[in-house]
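Student: Would you be able to build a 3D model of this:
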Amino acid sequence: MRVVWSVLILFLSYSAHAATAESCTTVDLRKDFGPIRNQDGVGWCYAFSAADMITFKNKGRAYVSASDMATQYISQQNVSLTSGPIVTFGGGVPVQAMKMAAKKGVCTEASVPSEVNQGSDIYEAYYNLFRISKSIQTTGRGKEYCAGAAQAYQKFFPSSSPQEIAKTIATEPPWQVVAKLQSKNCPTRYSAGFNENDVTAETNKAKIPQVIKNQFDQKKPVMISYPIKLIMKKHPTAEGMHASVLVGRKFNAKTKKCEYLIRNSFGRSCDGYNKSLKCESGNIWVAENDLFESVADITYFK
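Tutor: All right, here's what the predicted structure looks like:
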């Protein structure tokens, strides 16, 4: 009898693994995304992830600007740089950012760069542009800094000359300087390729796993919100929430587990991630169970 039970247990165990392998079909969507970017010192993970989702929706034909996504979102929320860096450079609601893009259109990464963000340059640039402009408008002092700022931050506005940037700093209202410069660099906003009703969110944790599985069965990515400690326990904000995009799925024959690939926005290095996880140029493989337990909400295309 013991032999029979042992055989039965082994059979059921094998069947469970076989079923998991069968249901966890391989999906790799990376080719329809641009290179992984680095959000660095700004809390714009929602914008970087939303830009990635829209880039995928357009099959990589337009590498969507994350910086533009963030500043447009901030503008929609009626938040200006007068609110200070905590609000301006903080997080956002992914599904709202996506719906905003569907309504207002998007800019390309080439016209409004995000990838130049190294050492919190975006934070420094945008806030200093506001600060200098405010000083000029309120005290009449600070014009001597316009030329230097224009030279230093031209990389964020490649279609504007230093002279144009300096003039904008000196003449535009402080809270409109960045928006005006971005508009000059992206005079024509492109269609995001979907309507507001084409994107939705799921916050019911009981439903999230099945939605993710269904999306990947259709070879569609999913934007996730989750604690950053899932992939980086030593990160300065390890207890905080983060947004990324799921871009792959595979069955790990060694561990007998289904795994999902997280496309992060901390650059293409694998430094700093949990050593127990496999990292591939800024993409991190996470076991399905760990992922599903951690995800707080998801945003996806219907």
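
Student: When you work out contacts or count neighbours from here on, use the C-alpha atoms and nothing else.
Tutor: Fine.

Student: Tell me the confidence at the nearest residue to residue 241 once chain neighbours are set aside?
Tutor: Ranked by CA to CA, 6 or more residues apart in numbering and with sequence neighbours excluded, the top spatial neighbour of residue 241 is residue 227, at 4.4 Å. Residue 227 is assigned 95 on the pLDDT scale.

Student: Could you measure from residue 227 over to residue 242?
Tutor: Shown here: residue 227 relative to residue 242, a distance of 6 Å by CA to CA, to the nearest Å.

Student: cool, residue 271 as well?
Tutor: Here the distance between residue 271 and residue 242 works out to 18 Å (CA to CA).

Student: Name the residue in the two with the higher neighbour count.
Tutor: It is residue 242, of residue 271 and residue 242, that has more neighbours when counted by other CA atoms under 10 Å, with 24 against 13.

Student: which residues does the more buried one contact?
Tutor: The contact partners of residue 242, by CA atoms under 8 Å, 6 or more residues apart in numbering, come to 45, 46, 225, 226, 227, 228.

Student: Stretch 247-261: end-to-end distance?
Tutor: Stretch 247-261 end-to-end distance (CA to CA) = 6 Å.

Student: tell me the pLDDT at residue 3?
Tutor: At residue 3 the predicted local distance difference test score is 43.

Student: repeat for residue 74
Tutor: Per-residue pLDDT puts residue 74 at 79.

Student: Confirm it sits in a helix?
Tutor: Yes. With DSSP: H, G, I helix; E, B strand; the rest coil as the criterion, residue 74 is located in a helix.

Student: Can you point out the buried residues in stretch 288-302?
Tutor: Within stretch 288-302, the residues that count as buried by 16 or more other CA atoms under 10 Å are 288, 291, 292, 294, 295, 296, 297, 298, 299, 300, 301.

Student: what's the answer for stretch 152-165, then?
Tutor: Neighbour-count burial for stretch 152-165, counted by 16+ other CA under 10 Å, picks out 153, 154, 155, 156, 157, 158, 159, 160, 162, 164, 165.

Student: so how far is that stretch off the chain centroid?
Tutor: When C-alpha coordinates are averaged (CA atoms, centre = their mean, to the nearest Å), stretch 152-165 and its chain have centres 25 Å apart.

Student: if you average pLDDT over that stretch, what comes out?
Tutor: pLDDT averaged over stretch 152-165 equals 92, rounded to a whole number.

Student: Contacts for that stretch, please.
Tutor: With CA under 8 Å, 6+ apart as the criterion, stretch 152-165 contacts 111-114, 116, 125, 147, 150-151, 181-182, 184-185.

Student: How about the secondary structure of residue 243?
Tutor: When the rule is three-state DSSP, residue 243 gets the label strand.

Student: Surely it and residue 222 touch.
Tutor: No. Here residue 243 lies out of contact with residue 222, judged by CA atoms under 8 Å, at a distance of 10.5 Å.

Student: Strands of the chain, start to end?
Tutor: 27-28, 199-202, 222-227, 241-252, 257-263, 278-280, 283-287, 297-301 (DSSP state E).

Student: returning to that earlier point: of the buried residues of stretch 152-165, which belong to helices?
Tutor: In helices, judged by DSSP state H, the following of the buried residues of stretch 152-165 are found: 153, 162, 164, 165.

Student: Report the separation between the last one and residue 187.
Tutor: Read that as residue 165. Between residue 165 and residue 187 the computed distance is 15 Å (CA to CA).

Student: Equivalent analysis for the second one, please.
Tutor: Distance, residue 162 to residue 187, by CA to CA: 18 Å.

Student: sorry, back to before: may I ask which two of the ones in helices among the buried residues of stretch 152-165 are separated the most?
Tutor: By the measure CA to CA, those have their two most distant members at 153 and 164, which lie 12.0 Å apart.

Student: Tell me where the model's unsure across the stretch 51-200 of the chain.
Tutor: Low-confidence segments of the stretch 51-200 of the chain, defined by pLDDT under 70, span residues 76-89, 116-120.

Student: tell me the contacts of the nearest residue to residue 66 once chain neighbours are set aside?
Tutor: What sits nearest to residue 66 in space, not counting adjacent residues and going by CA to CA, 6+ apart, is residue 48, at 4.7 Å. Residues near residue 48 by CA under 8 Å, 6+ apart: 37, 39, 65, 66, 67, 69, 265.
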